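Novice: with the sequence up front, the predicted model follows.
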Amino acid sequence: MTDAPLTDDALLALPKAELHLHIEGTLEPGLAFELAAHNGVTLPYASVEELAARYDFDDLQSFLDLYYATMAVLLTRADFAELTRRYLRRAHAQGVRHAELFFDPQAHTARGVAFDDVVDGIGDALDEAEREFGMTGSLILCFLRDQPVASAEEALTAGLKRTDRIVGVGLDSAEVGYPPSLFEGVYARARAAGLHAVAHAGEEGPPEYVREALDLLHAERIDHGIRSIEDPELVARLAQERIPLTVCPLSNVRLQATPDLRDHPLLRLDAAGVRVTVNSDDPAYFGGYAGQNFTAVRDALGLTEDQARRFARTSIEASFASTERKAALLAEVDAWRP
Ligand SMILES: Nc1ncnc2[nH]cnc12
Ligand SMILES: [Zn+2]
């Protein structure tokens with residue numbers, strides 16, 4: 001432990017797991033246009049520059065509108081493999097050693113893409129990354145909370161045939177007005193089949209949604225969870241029950257959940273004993289991959305070496321990797337020297 005400032009290189013080299021990453025949110029404008037040309041899809045933007053210029057969001061919904069429109073270029077197994085391949089390389093260059101990838105099957109099957117093509121394409125790239133640079137990963141099937149529960153049930157039925165790749169279920173998309181309680185039955189079925197449970201809650205939605213995710217969905221991790229800071233009893237409970245939060249600082253700023261990073265509750269949650277991790281959410285849209293979220297936090301909030309190391313350790317401990325893999329990764333964190 002030194003008091004030397006944490007350099008960009010040190011934070012990018014810090015071995016970490018990424019636990020909050022939507023694979024569709026890694027679609028960079030350049031690849032979107034490549035795939036659009038290849039697949040004969042017309043995007044409602046004239047150029048890469050015009051698309052990138054739209055990345056100025058007022059809130060979650062204004063982002064989601066663009067995110068769902070742009071993913072229309074993803075049609076084949078090869079497209080999903082290429083998308084994932086590019087993410088894994090970038091993430092690996094920023095210290096990510098293990099990644100649990102959210103995917104939104106309902107957003108693809110609704111466009112006529114086969115569920116298995118999505119899973120197999122992402123899986124192809126995961127296998128390649130493990131062979132080529134020893135990175136590991138798995139899939140978390142996310143239900144779109146603003147779609148009917150029956151559609152989530154269908155997605156789960158398809159997902160239960162692919163537990164070779166899928167290790168858990170999650171809940172994403174527009175939060176306010178779609179409380180976790182709606183999905184209690186779907187989650188019960190997923191958990192009974194042996195899947196892990198996580199859920200977005202407390203990003204734009206109130207602390208009560210975090211409680212519902214814990215009490216009704218039995219979520220093992222809360223994705224975002226930042227609005228928990230408004231409820232001291234909930235903060236105490238998260239700390240007491242050792243519930244990890246997968247926090248995404250740059251996302252929170254870009255979607256105006258926390259308009260100024262200097263006001264972000266990450267370090268206050270950590271100081272209260274909550275297990276926090278640092279993740280990128282939708283890095284192609286929010287201006288940074290995992291390591292860049294660490295450097296942004298350092299710049300705005302003043303990250304110490306202890307905090308950085310703790311967040312990296314927590315990301316590994318809170319992952320769904322095997323016990324052996326976790327031990328190997330924790331040893332890598334111990335060997336990290338800024
Ligand atoms: N930050 C986010 N919140 C909810 N749903 C999402 N889908 C992709 N990114 C999301
Ligand atoms: Zn998210």
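Specialist: Cool, got the structure. Numbering: from 1, shown residues only. Ligands and ions are numbered 1, 2, ... in the order given.

Novice: so Glu212: helix, strand or coil?
Specialist: Using DSSP: H, G, I helix; E, B strand; the rest coil, the three-state assignment for Glu212 comes out as helix.

Novice: tally of neighbours for it?
Specialist: 21 (other C-beta atoms under 10 Å). C-beta coordinates here come from the backbone N, C-alpha and C atoms, glycine included.

Novice: test my guess that it contacts Pro180.
Specialist: Yes. Counting by C-beta atoms under 8 Å, Glu212 touches Pro180, with 4.1 Å between them.

Novice: what do these two both touch?
Specialist: Counting by C-beta atoms under 8 Å, 6 or more residues apart in numbering, the residues touching both Glu212 and Pro180 are Ala201.

Novice: please, which helix or strand holds Ala308?
Specialist: Using DSSP states H and E, Ala308 sits in helix 305-317.

Novice: now look at stretch 71-88 and say if it contacts ligand 1.
Specialist: No. Judged by C-beta under 6 Å from any ligand atom, stretch 71-88 stays clear of ligand 1, getting no closer than 10.1 Å.

Novice: next one: that stretch to chain centre, how far?
Specialist: 17 Å (C-alpha atoms, centre = their mean, to the nearest Å).

Novice: quick check: mean pLDDT of it?
Specialist: Mean per-residue pLDDT for stretch 71-88: 98.

Novice: same question for stretch 306-319.
Specialist: Mean predicted confidence for stretch 306-319 is 98.

Novice: quick check: end-to-end length of stretch 40-49?
Specialist: 20 Å (C-alpha to C-alpha, to the nearest Å).

Novice: show me the contact partners of it.
Specialist: With contacts defined as C-beta under 8 Å, 6+ apart, stretch 40-49 is touched by 29-30, 32-33, 35-36, 51, 54, 69-70, 72-73, 75.

Novice: which helix or strand contains Ala236?
Specialist: Here Ala236 is assigned to helix 232-240, by DSSP H and E.

Novice: so which other helices or strands are in contact with that helix?
Specialist: Helices and strands touching helix 232-240, by 3 or more C-beta pairs under 8 Å, 6 or more residues apart in numbering; DSSP states H and E, are helix 207-215.

Novice: now check whichever helix or strand comes after the helix it packs on, is it near ligand 1?
Specialist: Later in the chain than helix 207-215, the nearest helix or strand by DSSP H and E is strand 221-224. No. Strand 221-224 is not in contact with ligand 1 by C-beta under 6 Å from any ligand atom; minimum separation 6.9 Å.

Novice: still on that earlier bit, which of the contacts of stretch 40-49 sit farthest apart?
Specialist: Arg54 and Leu75 (22.0 Å; C-beta to C-beta).

Novice: quick one, phi psi at Arg145?
Specialist: Here is the backbone geometry of Arg145 (degrees, to the nearest 10): phi -70, psi -20.

Novice: Glu100 reaches Arg165, doesn't it?
Specialist: No. Look at Glu100 against Arg165 with C-beta under 8 Å: they stay out of range, at 11.3 Å.

Novice: mind listing the shared neighbours of these two?
Specialist: Ser138, Leu139.

Novice: which residue packs closest to Gly194, ignoring adjacent ones?
Specialist: For Gly194, ignoring the flanking residues on the chain, the nearest one in space by C-beta to C-beta, 6 or more residues apart in numbering is Thr163 at 7.2 Å.

Novice: returning to what we had before: ok, so of the contacts of stretch 40-49, who is nearest Ala114?
Specialist: Set against Ala114, the nearest of these by C-beta to C-beta is Leu75 (10.0 Å).
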